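>>> Build me a model:
(one chain, ligands or ions: 1)
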Amino acid sequence: MTASSQLVEPFDLVIFGGTGDLAVRKLLPALFHRFLDGQIPASSRIIGIAREALDDAGYRALLREALVSICDAAKLDVFLQQVFYRPLDARKDDGWDDFAGFIGAQPDHIRVFYLSTSPELFVDICARLGHYGLNQGKSRVVLEKPIGRDLDSANQINDAVGKVFSESQTFRIDHYLGKETVQNLLVLRFGNALFEPLWNAGHIDHVQITVGETLGVGHRGAYYDRAGALRDMVQNHMLQLLCMVAMEPPSSLAPDAVRDEKLKVLHSLKPIDDSNASQLTVRGQYRVGVAEGASVPGYPDELGNTKSNTETFVALKAEIANWRWAGVPFYLRTGKRLPSRVSEIVVTFKPVPHSIFHADAGTLKQNRLVLRLQPDEGVKLWLTIKHPGPGGLRLRHVPLDMSFAEAFGVQQPDAYERLLLDVVRGNPTLFMRRDEVEAAWRWAGPILAAWTAGGEAPRPYAAGSWGPSAAVALIERDGRTWNEDSE
Ligand code: NAP
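Sure, this is the predicted structure:
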């Protein structure tokens, strides 16, 4: 156990969608890592639920395959003894009596119901959990994204879940908030006297948030084509990151203190609607190109629908109308089939007001704080220094590496490790409150409406490029460029 890892209270964690991609690829490995670190009590149970007719042994065999590379088989076998499976259909009553009895056998345990299924099932699952009284006591429900596809559908889900679980029992997960770098952003901002005095329109030139994926839509085509990049990435993950950068200092890390401040940011976002969407947003769709050295098909071919108008890329310029941020653009950019898989926040400071250096010394560059969420989570502060050694005074731009993971020899935990145990502990600080989800939809809705009303198809871009040229023009119009973390 590391210094920070403490045993949590005994719990039963039920994963609806226990055989799905998210559960097998992310949730179970995260739980296994926490088990290896000694945080999971021996009486705790992890229960997978899906319709597939498996038994405990069948489910354990499926997971063994997925987890075997993490650790030696003996430890995995011990972990798997705490894992169970119940075949259930969220939409049918068969088997729910038995399941309720199985959960009821450990009445003192914290109960976590993780809904890792399509959101269409959330209402049915919660209604049945309520019917069988499983929402009582120390019960919590975790909702995976997407929570709706617009404000109305988000409200329908939240209303239905709210009939069974109170707001304090409801954990809306955004795994970006569990990333080490995002928490480090909180510590950098509020644990140092250095940054906060500069953290405003007087000193910051602009902020960029990029979330790039190299993969195409793959087998998620049916879901993705109904969503698109704005709903899939911007409305949730990217706005949450923007809030963490832009919020006022909360009075403490108490869940509502942090979430109240994030909500104020969402309320302060300047509207983007049909009056300005064409200037402030760019939507794109990838076409045939080269990704990771291989030729790949375009989105319409991958999807099998040449008429799809769904965007696989968005770039936009957001502004926050308050005293701290007036006039500071936040450029957001996300897409599939981009040249690299990267998530980063770049805070660019204003240039020095006057250069005292001779032109031969080289160009002065603006300071940048780069928070990289993936790959290689880390923080770099780009500074200008004198090039060391003789040869006159020459300027050099170098990064100060502020991610001490290597120095401390710490392996960065996956975001789900932190967040799953936060649910068990009952700490919702890093989860979205209902009003945040609503405020985010209130801002994103008019953008979607403007695109629909405008009737323009997304701009094509070659797979393996950084999106349509209009995305470059969006930022270059303001005399700025998208970040390239090379200098
Ligand atoms: P998936 O691979 O399609 O898995 C869906 C799971 O739900 C399967 O276990 C499926 O098993 C089960 N299921 C379907 N219908 C059911 C029913 N009527 N009753 C009980 N179980 C049912 O989906 P996923 O990729 O894991 O994603 C799950 C959710 O997480 C989605 O909302 C997705 O948007 C979200 N999410 C996924 C990822 C990711 O990386 N995959 C990331 C972020 C968010 P059976 O068919 O056997 O019932």
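
>>> In the stretch 151-300 of the chain, what residue lies closest to the ligand?
The stretch 151-300 of the chain approaches the ligand most closely through residue 223 (6.1 Å), counting by C-beta to the nearest ligand atom. The C-beta positions use only the backbone N, C-alpha and C, and glycine is treated the same way.

>>> Next, count neighbours for that residue.
13 (other C-beta atoms under 10 Å).

>>> so where does it fall, helix or strand?
helix 221-227 (DSSP states H and E).

>>> cool, residue 14 as well?
Using DSSP H and E, residue 14 falls in strand 11-16.

>>> and the helix holding residue 223, what other elements does it pack with?
Packed against helix 221-227 by the contact rule (3 or more C-beta pairs under 8 Å, 6 or more residues apart in numbering; DSSP states H and E) you find helix 299-303.

>>> Pull the residues that contact the next helix or strand after the helix it packs on.
Downstream of helix 299-303, the next assigned helix or strand under DSSP H and E is strand 313-318. Contact partners of strand 313-318, identified using C-beta atoms under 8 Å, 6 or more residues apart in numbering, comprise 229-230, 233-234, 242, 269-270, 272, 280-286, 329-336, 338, 447, 458, 461, 467-468, 470-471, 474-475, 478.

>>> what's the following helix or strand past strand 313-318 packed up against?
Using DSSP H and E, the helix or strand that follows strand 313-318 towards the C-terminus is strand 330-335. Under the contact definition 3+ C-beta pairs under 8 Å, 6+ apart, strand 330-335 sits against strand 204-212, helix 239-246, strand 313-318, helix 469-476.

>>> need those in CSV with distance to residue 154 and mean neighbour count, can you?
Rendered in CSV, the data for the helices and strands packed on strand 330-335 read as follows (distance: least, C-beta to C-beta, whole Å; neighbours: other C-beta atoms under 10 Å):
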stretch, distance to residue 154, mean neighbour count
strand 204-212, 21, 21
helix 239-246, 13, 24
strand 313-318, 19, 25
helix 469-476, 28, 17
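
>>> following the helix holding residue 223, which helix or strand comes up?
With DSSP H and E, the next secondary element past helix 221-227 is helix 229.

>>> tell me the average confidence for that next one?
Averaged over helix 229, pLDDT sits at 98.

>>> So which residue is smack in the middle of the protein?
Note on the chain: the residue nearest the mean C-alpha position is residue 176, at 2.8 Å, using C-alpha atoms, centre = their mean.

>>> Now do that residue, the pLDDT please.
For residue 176, the predicted pLDDT is 93.

>>> so it, which of the three states?
helix (DSSP: H, G, I helix; E, B strand; the rest coil).

>>> That one contacts residue 377, doesn't it?
No - with contact defined as C-beta atoms under 8 Å, residue 176 does not reach residue 377; the gap is 11.5 Å.

>>> Of the contacts of strand 313-318, grab the buried ones for PyMOL.
A single PyMOL command selects the buried members of the contacts of strand 313-318 (16 or more other C-beta atoms under 10 Å):
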select buried, resi 229+230+233+234+242+269+272+280+281+282+283+284+285+286+329+330+331+332+333+334+335+336+338+447+458+461+467+468+471+474+475
